[in-house]
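K.L.:
got a sequence here, can you build the structure:
(one chain, ligands or ions: 2)
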Amino acid sequence: MEKNEWWKSAVGYQIYLKSFFDSNNDGVGDIAGITNKLDYIKNLGVDFIWISPFFDSPMDDNGYDVRDYKSIYSEYGTMEDFKNLVDRAHSMGLKVIVDMVINHTSSENNWFVKSVARATGFDDFYYWKDPKFDENGKILPPNNWQSFFGGSAWEYNSEREQFYLRLFSKSMPDINYNSRVAIKQIQDVMEFWMNLSVDGFRMDAISHIGKVESFKDGKVNHTYKMFSNLDNAHEFLTDILSIVKNKNIVTMGELGGCPTIYDQLKFSDSKRNELNMVFEFSHLNRFNKKTGKPDYKAIINSLKNKEKLISMGGWSTLFWTNHDYQRLVSMYGNNKALSKSASAFATAMYLLKGTPIIYQGEELAMTGYPFKNENEFEDVNAKMLIKLASTESEKKKVFESLKNTSRDNARTIMQWNGSVYAGFSEHKPWFLVNPNYHSLNVAVEQTEEHSALNEYRKIITLRKENSDAFCFGDCTFKRAPRGVCRYIRRSGKTEYDVIVNLTDEVKKYLLPVGAIVYTNYGEVIRGELSPFEAIVLKRQILI
Ligand code: TEU
Ligand code: CA
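P.N.:
Numbering: from 1, shown residues only. Ligands and ions are numbered 1, 2, ... in the order given. Just a heads-up that it's a prediction; the model follows:
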């Protein structure tokens, strides 16, 4: 490992700052709120934080719609606050990664305003296309591409009398990186943040920056293939990232649109000048269609593929969920066994080779929100899906599905303690507080030996104290009963046998020999695995 590859043995923590901690009691999380909580983060065993976007924004998509990349959204604080955060984090040995949203901007961004007006250099800064017309002269979008948030991916602009492409909300136009001006502007933005001593960038929706440039129709229900993981995305990215070359900057890229392992390799191959590591989502929302239970085989397979990517020369982040998914324990775990199921899943993921990233509140086993009606949703994506449902029964169906899958499940207020508003603020927060905060919060979990919080700490400590095996050693998956994830991490003559029952059922299992170095049950029965039981054994091998 090269010295500057610090991220290969690091653990990350993702902060969705709007919901994290409110330092000035206005009901909105802020940058100074992160600074206040750095001790808590550091105590988890974390080495870097990734903060969701805090740039000036009209907040159509909670900041993923950037109006001005060089200033801070006023409710989140000031540039001084950000400098303080970076200084304080660095003094504690924590690195800071910012979320670079470069696939699109807000339609209120000055670049877009200039592009609408066809200002010199900005005419082709976004994807503009002439409309099609039906037989009655009605304006139609240029092709059938669908937005990730529902509906057509094209929006008509009456000033330019053209459509612009927007893969996300209608106020988030996609940047066209065939434009040299666009490349230069984004590089300038990245340079700006590097000058403020940030340690890296999380590149949002990066697999979508290239589009099929014939702009022909895509296959119905699969039009995302026309703008996902294409060759030109790699060309654009290489160009853009030439700015970070030979600098000690880490880049992590979000790969949506079902990237194959070869796509992932192309993005993260250490021999190419693209990303240091990738996020991919194949382990999420995998359910057995018949039983409705998690599809354990698919989930474990996805973990195997993350290791395969590394063995091929790429690098994986290791994460269960983020701000775009249902909470881990509500997706795959069990309400009646929150800390057990959280620690089981954490063991299976975070002892693999790769870079673990924990999403805020996951370490507490925070759950999804018990939504009761459609007005409770804040997310632009959820609102769009509700709007698109035309009949009452369709609306009901959409609501039922959003209850379980809405991104809002992950965005409720971080649960710090049992006082009003979960200790997040003294002011009514901008979004919902999960009613379970009275018993599920940091303060309570600090004091309970087997809380999710303390189990997460133990797992991270195990990983870091034995980094030769867990960060750098080999990884071999082993056969195990259905729903049990088992792999061996080895370095030299020491090996660790990681055995996790991901299911809520008892599994007959003869435990291999070895010293128990981790158990989330406290006591181990040799002939079986209890529901969500996680065990790590250590052995010396004689060769
Ligand atoms: O998400 C990206 C995203 O939703 C797609 O790339 C996704 O991969 C797709 O569902 C296909 O698999 C990021 C942010 O994480 C999210 O919060 C933002 O809303 C979105 O980009 C737009 O910036
Ligand atoms: Ca605030």
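K.L.:
number of nearby residues for residue 396?
P.N.:
12 (other Cβ atoms under 10 Å). Every residue, glycine included, has its C-beta placed from N, CA and C.
K.L.:
would it count as being in a strand?
P.N.:
No. Counting by DSSP: H, G, I helix; E, B strand; the rest coil, residue 396 is not part of a strand but helix.
K.L.:
for the remainder of this discussion, apply numbering that starts at 689.
P.N.:
Understood, numbering begins at 689; the last thing we discussed is residue 1084.
K.L.:
quick one: it and ligand 2, what's the gap?
P.N.:
With distances taken as Cβ to the ion, to the nearest Å, residue 1084 is found 36 Å from ligand 2.
K.L.:
ok, now how distant is that residue from residue 1062?
P.N.:
Separation of residue 1084 from residue 1062 (Cβ to Cβ, to the nearest Å): 9 Å.
K.L.:
please apply the same query to residue 1137.
P.N.:
Plainly put, residue 1137 is 41 Å away from residue 1062 if you go by Cβ to Cβ.
K.L.:
can you list residues touching both of residue 1084 and residue 1062?
P.N.:
Common neighbours of residue 1084 and residue 1062 (criterion: Cβ atoms under 8 Å, 6 or more residues apart in numbering): none identified.
K.L.:
still on that earlier bit, who's more crowded, residue 1137 and residue 1062?
P.N.:
Taking residue 1137 and residue 1062 together and counting by other Cβ under 10 Å, residue 1062 has the greater number of neighbours (17 against 8).
K.L.:
just the element for the residue in the stretch 1039-1188 of the chain positioned nearest to ligand 2, please.
P.N.:
Across the stretch 1039-1188 of the chain, the shortest distance to ligand 2 (Cβ to the ion) belongs to residue 1113, at 7.0 Å. When elements are defined using DSSP states H and E, residue 1113 is found to belong to no helix and no strand.
K.L.:
now do the helices in the stretch 689-838 of the chain.
P.N.:
Along the stretch 689-838 of the chain, counting by DSSP state H, counting those that start in this stretch, helices occupy 719-724, 726-731, 767-779, 798-804.
K.L.:
want to throw those helices into CSV with distance to ligand 2, mean pLDDT and mean neighbour count?
P.N.:
Shown next, in CSV, are these (distance: least, Cβ to the ion, whole Å; pLDDT from 0 to 100; neighbours: other Cβ atoms under 10 Å):
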stretch, distance to ligand 2, mean pLDDT, mean neighbour count
helix 719-724, 6, 98, 22
helix 726-731, 17, 98, 15
helix 767-779, 10, 98, 16
helix 798-804, 26, 98, 20
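K.L.:
of all those helices, which lies closest to ligand 1?
P.N.:
Checking the helices of the stretch 689-838 of the chain against ligand 1 by Cβ to the nearest ligand atom gives helix 798-804 as the closest, at 15.0 Å.
K.L.:
can I get the CA coordinates of that closest one in PDB?
P.N.:
Extracted C-alpha coordinates of helix 798-804, given in PDB (Å, rounded to 0.1, in the frame of the first residue of the first chain):
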ATOM      1  CA  ASN A 798     -26.100  31.300 -13.100                       C
ATOM      2  CA  TRP A 799     -24.700  28.900 -15.700                       C
ATOM      3  CA  PHE A 800     -28.200  27.700 -16.500                       C
ATOM      4  CA  VAL A 801     -29.500  31.300 -16.600                       C
ATOM      5  CA  LYS A 802     -26.700  32.100 -19.100                       C
ATOM      6  CA  SER A 803     -27.400  28.900 -21.100                       C
ATOM      7  CA  VAL A 804     -31.100  29.800 -21.500                       C
END
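K.L.:
for it, give me every contacting residue.
P.N.:
756, 793-794, 809-814, 816, 845, 847-848, 861, 863, 870, 873.
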